[in-house]
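Asks: Give the three-dimensional model of this entry:
(2 chains)
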Amino acid sequence: MAGIKMVDVKKQYPNGFVAIENMNLEIPDKEFVVLVGPSGCAKSTALKMIAGLEEISSGEMYIGDRLVNKVPPKDREIAMVFQSYALYPHMTIYDNIAFGLKMRKTPKEEIDKLVKEASEILGMSDLLDRKPRQLSGGQRQRVALGRAIVRHPQVFLFDEPLSNLDAKLRVKMRTELKKLHERLHTTVVYVTHDQVEAMTMGSTIVVLKLGAIQQVGSPLSLYSFPSNRFVAGFIGSPSMNFLDCTIAEENGNLFVDTGAFRLMLPEDKAAKVRDHGGKEFIFGIRPEDIRKRREKKESYSEEHINAKINVIEPLGKEMYVNLSAGNLEFMAIINARFPLKPHEEVELTLNMDRMHLFEKEGEKEAVAHTAKNATTLEGARLMADLDESDDD
Amino acid sequence: MKIKTFLAFVGPSVLAMVGLIAVPLIGVVYLSFHSSYVKTEIVEVKSSVPLFGGLTKTTVEKVPQPVLDENGEPVKVWEYVGGRNFDTVADPGGLVAAVSKDRSTTEDGQPTSFRQRMDGLYRDVTDIDFWGALEFTLLYAFITTPCILVLGFLLAVLVNSVVQWIRGPLIFATLLPFIITPVVGSLSIYWLFLDNALVASLLEQFGAGKIYFLKDAISIRTLIVLYGVWHVTPFAFVILYAGLQTVPQDALQAAMVDGATYWQRIRYIIIPHLRALFSFIILIHLMDAYRIFEPVLVFGSNLFANSLQYLTYYILNFEDNYYKAAASAILTVIGICILLLPVLRRTYREQKGVA
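Replies: All right, here's what the predicted structure looks like:
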C-alpha cells in the first residue's frame, strides 16, 4: 500500500505549453482522492503523470517512499481504468483480465485463480470467454475494473471511468466503486469533470483549473468553504449565485450593495472587510440559502429582499426558482409546499451566515471562516472539522 | 429510393462493367473452346516438264491447298474443340509422363540418389512451358508476399515513430518505387545488372571476378523477386501506416501499465489490430503477383523465369494463336481464384464474426 506525493511537479510540452505549473499534492495511503475540474484543467495529465504515461518536466513524484520520475508505468505498481475502458478487442474477457499477469510471467494456475477471484468480485464469471464487443457498456466497465484489481496494485488510477455510461448505470457504478474501495482498501486517484461524481465518491477532492490546484478538501468543506469563486461556482448544483456588489458603510454597519438591494453583513464577516468600504466584490450565495420568508425568526442572521418569479422548475420535493430583482437574476431552491406562481412577487430570506464575498481581483474568498486557504490536506482537515461543528 | 432513380444512378457503371469486363471475359471463354483454320484439301497436281526432243516428264504431286468458295475466297472453318486448347497449354499428358518417368537408374545403368531423382523430376516438369511458368509465378508470389508484409510493417512502424515534420518527405520517398511504372522500374534494375554495367563492374573491381547476372537462372530469379519486393513494399507500407494511425492509444497505454514491453505491445495490440489490413494486402498482392509480367518481359528471361501472364502474351504474339492464348488466360484466372480462396474465406469468416 502506498500514498502519493507530488513536489513542484511541472508539465511542459515540447511546444512550450505549460499544462501543469508546480503542483504540490500529498495523497495519503488508502485515501479516495478525486481530481475534478472542467475540461482542459490538466486533471487527466496529472493522472497520467502518476501512471508514468506522461513524462514529468520537473519536480518530484513519489509513490510510497519511492521516487518514480524515471520508473516506467509497469514498475510503478499501479493499475489504471480508462474512460474508453481500453479493452483489448481481439482477446477474450479472460485474456483481457489475465494480460497484465501474463506480461509479468505469473504462473498459469495462479493467473487462473486470480482471474476467477476478480471476476467473482465483479459478478462476471459467466462472461469470461466472450469478446469485448459482445458486452454492454456496463459490462465492459466491469472488465476494465477486473483488469485493474486482478493485479492487486498499490494505487488505482481512474480516468473518468463512468462518463461513457448512461445516467442510471452511472449512479449504480458509483456505489459499486465506493464499495470496491472499502473492500480493497487501496489508494485511489479518480479523475472526473463531474462535480456530483466528485462530491459523492471522494473522501478528498482536489479542484483543478488550468493546471493549478484551486483547493483541496473534503466534499463538504469545499461546498461550505470554497476558497475562491471558481471552486464556489464549480462545486454544487445548481451553481452558486454570483452578483457584483460594493461594500457600503452606514451607522457603523457594513452592507453589501448590489444595486437592486442592500444586505447587512453579519458581525464576523463585516470584521474581515471593514477597511474595504467602497471596494468592488462579488457576492455569492447558494440557491439553497435563499428561502421564502417565514413568520418566525430564523436561527441565522437573515436579510430579506423582494423579487419577482420568472420561471419555476418543480422537482417534486423542492423547486428551482429563477428570480429577478431589479436587473439582477438569481436562482433559489424553495420547498415545493409553497404555492408559488410565475410573475408573482415573493419575499425572500437570505442566510447571511452562509454567504460569500469574493474579491473582484483574483476572485479569492474574502470573508471565509478561516483565513487559511485550504490548498493543503492539513488545511482541508481543519476546515472539515470546522464544517462538522457548523450545522444549523 | 425510387427504382428509376436507382437505375439511373447505377446504370452507367453497370453498362460499363458489362461492356468492358463481362463481354470480353465471355468472349475469352468462348474463344478458348474454339479454333479456326482455313479449310484445305489435298489435290493432285500434275506437272509436265518438257524434256528434250519434244518429250515431257509428267509428275503427280499431292499438295495441300485452301478450299475456295464460289467467290474465290478461302473457306474458314470455325470449330468447337472442347478442352483441346487447354490441353495444349497445360499439357497434362506431358505432366503425367514427366512425373511417371522412370528415373531409378542413370543412362549408364547406375542407381540414382533421391536428390538426383527429384532434380530430374523438377527439370522435366518445368520443361513444359505452362508448368515452368506456373512454378516461377507461384515462387514469386510466395516469396514476395511475406517479404513485403514484414518490410512494409517495419517501415510503417519506423516512419510512425519519427518526429512529425520528417514524416511527409519520408512517406514520399518510401512511396517512390510504387509510383514508378513497372516497366521503368524493371528496366532500371536490369540496366544496373547488365554485364558491363554498374554492379557487375563494381564487383569486378573489388575482385569478385566477372559475374554475369543475366545469364543465370538463380540470379535472374533473385533479381525479379527483389524487384517485386522493392516495387510493392510501399503499397504495404502506406496501408499499414494508415492502419497504425487508428491503433487506439488507450489500449497501448493500458498495455504499458499492464507491463507489456515495446515488442509485446506490437505483438499483442498492434498486429492484431492491423490483422484485417494484412489480409487485404495479401489478397491484393497475390492477385498482382500472379499476373507478374513486366520484369519477365524486360529481363527477356523467359528461359530462366517465365510467368503465366508472359506465357499468354507469348502464345498470342509469337505463336499467333488466339484460341490457345485465351485458354492460357482462362487458366491464369482460375489459378488466381484458387490462390485467393483461402484468404477470401478467412476474410468472410472474420467479417461474419464481426457482424
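
Asks: could you show me where the helices are in chain A, in order?
Replies: Counting by DSSP state H, chain A has these helices, from start to end: A:43-51, A:93-103, A:108-121, A:137-149, A:167-184, A:195-201, A:219-224, A:229-234, A:267-272, A:377-388.

Asks: beta partners of A:Asp257?
Replies: Residues found in beta-bridge contact with A:Asp257 (criterion: DSSP bridges) are A:Thr246, A:Arg262.

Asks: Next up, the contacts around it.
Replies: A:Cys245, A:Thr246, A:Ile247, A:Ala248 (CB atoms under 8 Å, 6 or more residues apart in numbering or on different chains). In short, each C-beta sits where N, CA and C put it, glycine included.

Asks: per-residue confidence at the closest residue to A:Glu298 other than its chain neighbours?
Replies: Counting by CB to CB, 6 or more residues apart in numbering or on different chains, A:Glu298 lies nearest to A:Thr349, which is 6.2 Å off, once chain neighbours are set aside. pLDDT, A:Thr349: 93.

Asks: burial of A:Thr349, as a residue count?
Replies: Using other CB atoms under 10 Å in any protein chain shown, A:Thr349 is surrounded by 19 other residues.

Asks: which parts of stretch B:281-289 are buried?
Replies: By 16 or more other CB atoms under 10 Å in any protein chain shown, the buried positions in stretch B:281-289 come out as B:Ile281, B:Ile282, B:Leu283, B:Ile284, B:His285, B:Leu286, B:Asp288, B:Ala289.

Asks: Reformat the residues you listed as a markdown table; add pLDDT.
Replies: As requested, the buried residues of stretch B:281-289 are arranged in a markdown table below (pLDDT from 0 to 100):
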| residue | pLDDT |
| --- | --- |
| B:Ile281 | 95 |
| B:Ile282 | 93 |
| B:Leu283 | 91 |
| B:Ile284 | 92 |
| B:His285 | 94 |
| B:Leu286 | 92 |
| B:Asp288 | 91 |
| B:Ala289 | 92 |
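
Asks: who in the stretch 101-250 of chain A is up against chain B?
Replies: Proximity of the stretch 101-250 of chain A to chain B is confined to A:Met103, A:Arg104, A:Arg133, A:Arg147, A:Arg151 under the rule CB under 8 Å from any CB of the partner chain.

Asks: residues in contact with the residue of the stretch 101-250 of chain A found nearest chain B?
Replies: When scored by CB to the nearest CB, the stretch 101-250 of chain A has A:Met103 as its residue closest to chain B, at 3.9 Å. Applying CB under 8 Å, 6+ apart to A:Met103 gives the contacts A:Lys74, B:Ala255, B:Asp258, B:Gly259, B:Ala260, B:Thr261, B:Gln264.

Asks: Swap in 6 Å and give it another go.
Replies: With contacts taken as CB atoms under 6 Å, 6 or more residues apart in numbering or on different chains, A:Met103 has the following neighbours: B:Asp258, B:Gly259, B:Ala260.

Asks: Grab the nearest non-local neighbour of the residue nearest the centre of chain A.
Replies: The structure's chain A has its C-alpha centroid closest to A:Ala198; by CA atoms, centre = their mean the separation is 3.8 Å. Distances taken as CB to CB, 6+ apart put A:Val36 closest to A:Ala198, at 3.9 Å, once the chain neighbours are dropped.

Asks: who does the one you found bridge with?
Replies: The residues listed as beta-bridge partners of A:Val36 by DSSP bridges are A:Thr192, A:Val207.

Asks: I'd say A:Pro342 and A:Ile309 touch.
Replies: Yes. Under the criterion of CB atoms under 6 Å, A:Pro342 is in contact with A:Ile309, at a separation of 5.3 Å.

Asks: in a strand, that's where B:Ile204 is, yeah?
Replies: Quick fix: residue B:204 is Glu, not Ile. No. Using DSSP: H, G, I helix; E, B strand; the rest coil, the assignment for B:Glu204 is helix, not a strand.

Asks: Just give the number of residues close to it.
Replies: 13.

Asks: cool, A:Ser119 as well?
Replies: That count, for A:Ser119 with other CB under 10 Å as the rule, works out to 21.

Asks: Spatially nearest residue to residue 183 (excluding sequence neighbours)?
Replies: Just so you know, I chose chain A. Once chain neighbours are set aside, the closest to A:Arg183 by CB to CB, 6+ apart is A:Ile121, at 7.5 Å.

Asks: Correction: the question concerned chain B.
Replies: Here the residue nearest B:Val183, using CB to CB, 6+ apart, is B:Glu294, at 5.0 Å.
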